[in-house]
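**Q** I'll drop the sequence and a predicted model, then ask my questions.
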Amino acid sequence: MIDADGKVLEIRLDFTDGLPEMEGFEPGIRRAPNRGQPLSESEIVLALKNALRYIPEKFHSEIAPEFLSEYRERGRIYGYRFRPAGKITGRPINEYKGCCVEGRAFQVMIDNNLDFAVALYPYELVTYGETGQVCQNWMQYLLIKKYLEVLTEDQTLVIQSGHPLGVFASKPDSPRVILTNGLMIGSFDSAEGFSRAAALGVANYGQMTAGGWMYIGPQGIVHGTYNTLLNAGRMKFGESAENVLGGKLFVSSGLGGMSGAQPKAAEIAGAVSIIAEVDSSRVETRHSQGWVSERTNDIAEAFAWADEARSSRQALSIAYEGNVVDLLRYALENGRHIDLLSDQTSCHAVYEGGYCPGGTSFEERTRLLERDPLEFRRRVDSSLHEHFELIKAHAAKGTYFFDYGNSFMKAVFDSGVREIAKNGRDTFDGFIFPSYVEDIMGPLLFDYGYGPFRWVCLSGDPADLRATDKAAMDCIDPSRRFQDHDNWAWIRDAEKNRLVVGTQARILYQDEEGRVRIALKFNEMVRRGQIGPVMLGRDHHDVSGTDSPFRETSNIKDGSNIMAEMAIHCFAGNCARGMSLAALHNGGGVGTGKAVNGGFGLVLDGSKRVDAVIRSSMSWDVISGVARRAWARNGHAMETANEFNARRDDCHITLPFVADDNYLEELVRK
Ligand SMILES: NC(=O)c1ccc[n+]([C@@H]2O[C@H](COP(=O)([O-])OP(=O)(O)OC[C@H]3O[C@@H](n4cnc5c(N)ncnc54)[C@H](O)[C@@H]3O)[C@@H](O)[C@H]2O)c1
């Protein structure tokens, strides 16, 4: 690049004052465990050479030993020295440098993902989900920010697994950022392959909104969990009940990044919940934020509180500080009935610390991970066996268990329990328990196009959030469908429920029409100067953005749920239609090789250009998945596609003829 004076512009880290000082680590901030040592000696040399690409040669002898000890102690090179000192937080957009609104906006989003109050392991750039990182190391963080400061509306910044490859000429209607994380060649696409690539410094696990820069704290998942619980209740306890979860007990585990949403969502939905969590620092975080109302390390006390709340049909959330296996065993031995049961330990990274085995304290789990990973693995497997037996026993007594998209059932299967597979052999026919997407989210939300639409008021002004909440509510007709009613009630009470952690953000499940309508309304408000610029996005747990037979596409039954084409088409279509950011990742919430998932960001600057982008891209982002779901013969998706075909004269979805199962089964049997 050449600057205004004709000088070649070098975008590199600034070493004019030498290496930055090594800051200490603030006590009380959670740190990622050692990720293991998968590299041979020659590969360690390669990992060091890779990390040193960001640093001038004259500093190599000083910094290389430090990087080596980071690898030996942590299993990764994070470049701690390059982390800016003190707290990082998503500030108002006007406080950031930049040559276009998108360049400044993405800095807000990245910094929010690394906020001590938001991120799981902020020093290791992990936002949530045990391993979901913004980028791989602090050198990349600094370099990305430098690029975002100079990015113009005629350029696109390209990020490969956290590494900013460079900016390249494009046009205002192109994405400002194209970003991929952890996409691997098929034969290397495994947990082991990823772990080696990550240790070498060439692969980042983006999860969904961590590496896609769209995380909005646990609020993002509260709404999805609220919808899941309400619909699970409707399905199991009667459709028409008003307070469908009043007096019902929901039990689960995890008070981490996303799992921390469970008690809050259950309380908003009117249920009583007990959530087990082995890490007391996470119990403390969620309790002090008001996301869980009561805490105890005494199981009997937890059940006593729950009984009291159930009998008065009061909503109440309780954190049990301990292992979920102990909680379930106690409930079984003491005849405590559980209505709804799930699990949200990080089973997508089950042997990397995501699941703490029963009988092993959290501290011992961290020690074992570092010193005796084989013993840790053995304990995980044996705990998963017991966990499965306990769930089976509860289910036999009428408990409705559903997998919460954390690869729990896959982890149980991989630990050697063939019985959890429907065909007792492999996972092609799914599992004996439903996944929440298969039973609930898929048919009742995704197939209609409802998904996790969200926005961030980039001004940082709570008044902007209040104005957008109101405007969004006015765009919803609560009498159209029960989903619209749930979403309308959600946004009506959103401010009262104090959901904001980090930036002024909101999530609101919407279908294709709703998302377009609300986006256009917000852009008009920006144009009129009623609010500052807004970032629109979603997580990847949605209608179209993610292919994963273990979660998002688990209710696709035409055999195509092992294909990853929808996610890639969604990503490509979003690039073509001018989303400000388009992201594509491997793994998502279920683990490497088990999902391909993509997201987007769209900055509303009030322009007419953005109105046009909203009309084409927001619609595509949802309807492409409805089209695929309809072709898979999903009834509600066929209904939605039919309505879409009738409403639009510029688009058309191909619809299937539906064969008679009984006739075909009979034909084949003969
Ligand atoms: N709910 C959803 O819709 C949804 C969406 C995306 C992902 N997920 C999946 O849910 C999982 C959790 O996500 P997260 O961001 O909360 O991860 P996280 O790692 O931040 O939290 C998981 C928590 O479980 C705790 N834990 C582990 N083993 C335990 C045990 N045996 N008993 C009690 N507590 C235990 C851990 O200490 C941790 O705090 C991930 O696999 C994620 O991919 C769920």
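**A** Good, I have the coordinates.

**Q** I653 and I623 touch, don't they?
**A** Yes: under the criterion of CB atoms under 8 Å, I653 makes contact with I623 at 7.4 Å. C-betas here are computed from N, CA, C, even on glycine.

**Q** which one's more surrounded, these two?
**A** Using other CB atoms under 10 Å, the more surrounded residue of I653 and I623 is I623, with 25 against 19.

**Q** distance of that one from W305?
**A** Per CB to CB, to the nearest Å, I623 is found 46 Å from W305.

**Q** okay, now the unreliable bits of this protein?
**A** In the prediction, the chain carries residues with pLDDT under 70 at positions 239-242.

**Q** center of it - which residue?
**A** With distances taken as CA atoms, centre = their mean, M208 lies nearest the centre of the chain, 4.4 Å away.

**Q** just the element for the closest residue to the ligand within the chain, please.
**A** Using CB to the nearest ligand atom, the point where the chain gets nearest to the ligand is G256, with a distance of 2.0 Å. Secondary structure from DSSP states H and E places G256 outside every helix and strand.

**Q** please name the nearest non-neighbouring residue to it.
**A** Among residues not flanking G256 along the chain, R282 sits closest, at 5.7 Å (CB to CB, 6 or more residues apart in numbering).

**Q** residues contacting the one you found?
**A** With contact taken as CB atoms under 8 Å, 6 or more residues apart in numbering, R282 is in contact with 30, 255-256, 260.

**Q** from those residues, which single one is nearest G79?
**A** When those are compared for distance to G79, the smallest value, 19.0 Å, is given by R30; criterion: CB to CB.

**Q** surely the closest one touches S281?
**A** Yes: under the criterion of CB under 8 Å, R30 makes contact with S281 at 6.0 Å.

**Q** tell me which of these two has more neighbours.
**A** The residue with the greater number of neighbours, taking R30 and S281 and applying other CB under 10 Å, is R30; the counts read 18 against 12.

**Q** how many neighbours does M22 have?
**A** Summarising burial for M22: neighbours were counted as other CB under 10 Å, giving 10.

**Q** please apply the same query to P656.
**A** Around P656 there are 13 other residues, counting by other CB under 10 Å.

**Q** sec struct for it, please.
**A** Three-state secondary structure (criterion: DSSP: H, G, I helix; E, B strand; the rest coil) places P656 in coil.

**Q** L536 contacts D605, correct?
**A** No: using CB under 8 Å as the test, L536 is too far from D605 to be in contact (11.4 Å).

**Q** residues from the stretch 1-150 of the chain in reach of the ligand?
**A** Those residues of the stretch 1-150 of the chain that sit near the ligand, judged by CB under 6 Å from any ligand atom, are 120, 128-130.

**Q** which among the residues you listed count as buried?
**A** Neighbour-count burial (16 or more other CB atoms under 10 Å) applied to those gives 120, 128-130.

**Q** okay, those residues in CSV with secondary structure and distance to N642 next?
**A** Putting those into CSV (DSSP: H, G, I helix; E, B strand; the rest coil; distance: CB to CB, whole Å) gives the following:
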residue, secondary structure, distance to N642
L120, coil, 43
Y128, strand, 38
G129, coil, 37
E130, coil, 42
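
**Q** just list the residues touching L52, thanks.
**A** So, once contact is read as CB under 8 Å, 6+ apart, L52 ends up touching 60, 63-64, 67.

**Q** hey, where'd the helices end up in the stretch 101-250 of the chain?
**A** Assignment of helices within the stretch 101-250 of the chain using DSSP state H, counting those that start in this stretch yields the ranges 101-113, 138-150, 191-200, 219-237.

**Q** brain fart, the stretch 501-650 of the chain
**A** Using DSSP H, counting those that start in this stretch, the helices assigned to the stretch 501-650 of the chain run over residues 512-527, 565-576, 608-613, 619-631, 635-647.

**Q** so which of these gets nearest D372?
**A** Taking CB to CB as the measure, the helices of the stretch 501-650 of the chain were each checked against D372, and helix 565-576 came out nearest at 37.7 Å.

**Q** helices or strands next to that closest one in the packing?
**A** Applying 3 or more CB pairs under 8 Å, 6 or more residues apart in numbering; DSSP states H and E, one finds that helix 565-576 makes contact with strand 546-547, strand 581-586, strand 596-604, helix 619-631.

**Q** around the ligand, which positions in the protein sit nearby?
**A** Residues of the chain found near the ligand (CB under 6 Å from any ligand atom) are 120, 128-130, 221, 224-225, 253-259, 276-279, 282, 323-324, 344-348, 354-356, 404-406, 541, 589.

**Q** re the thing from before, out of the contacts of L52, list just those in helices.
**A** 60, 63-64, 67 (DSSP state H).

**Q** which one (most neighbours) among these?
**A** Highest neighbour count within these, by other CB under 10 Å: F67, with 24 neighbours.

**Q** my read is that that one contacts Y78, right?
**A** No: counting by CB under 8 Å, F67 does not reach Y78; the two are 9.1 Å apart.

**Q** need the overlap of contacts for those two.
**A** Where contact means CB under 8 Å, 6+ apart, no residue is in contact with each of F67 and Y78.

**Q** okay, now G591: neighbour count?
**A** A total of 28 residues lie near G591 under the criterion other CB under 10 Å.

**Q** the one 3 residues further on too?
**A** Burial measure for K594: 20 neighbouring residues, criterion other CB under 10 Å.

**Q** that one: what's its closest spatial neighbour, skipping adjacent residues?
**A** When the adjacent residues along the chain are set aside, K594 lies closest to F550, with 5.2 Å between them (CB to CB, 6+ apart).

**Q** before we move on, what about I440?
**A** Sequence neighbours aside, N231 is the residue nearest to I440 in space, at 4.8 Å (criterion: CB to CB, 6+ apart).

**Q** OK, contacts around that neighbour?
**A** With contact set as CB under 8 Å, 6+ apart, N231 has these partners: 440-441, 444-445.

**Q** same question, I274
**A** For I274, the contacting residues are 249-251, 302-303, 306, 318-320, 327, taking CB under 8 Å, 6+ apart as the criterion.

**Q** is it possible to get a markdown table of those that adds secondary structure, distance to I614 and neighbour count?
**A** Output for those, formatted as a markdown table (DSSP: H, G, I helix; E, B strand; the rest coil; distance: CB to CB, whole Å; neighbours: other CB atoms under 10 Å):
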| residue | secondary structure | distance to I614 | neighbour count |
| --- | --- | --- | --- |
| L249 | strand | 43 | 25 |
| F250 | strand | 37 | 28 |
| V251 | strand | 41 | 30 |
| A302 | helix | 47 | 26 |
| F303 | helix | 49 | 22 |
| A306 | helix | 45 | 23 |
| I318 | strand | 43 | 24 |
| A319 | strand | 41 | 28 |
| Y320 | strand | 45 | 28 |
| L327 | helix | 46 | 24 |
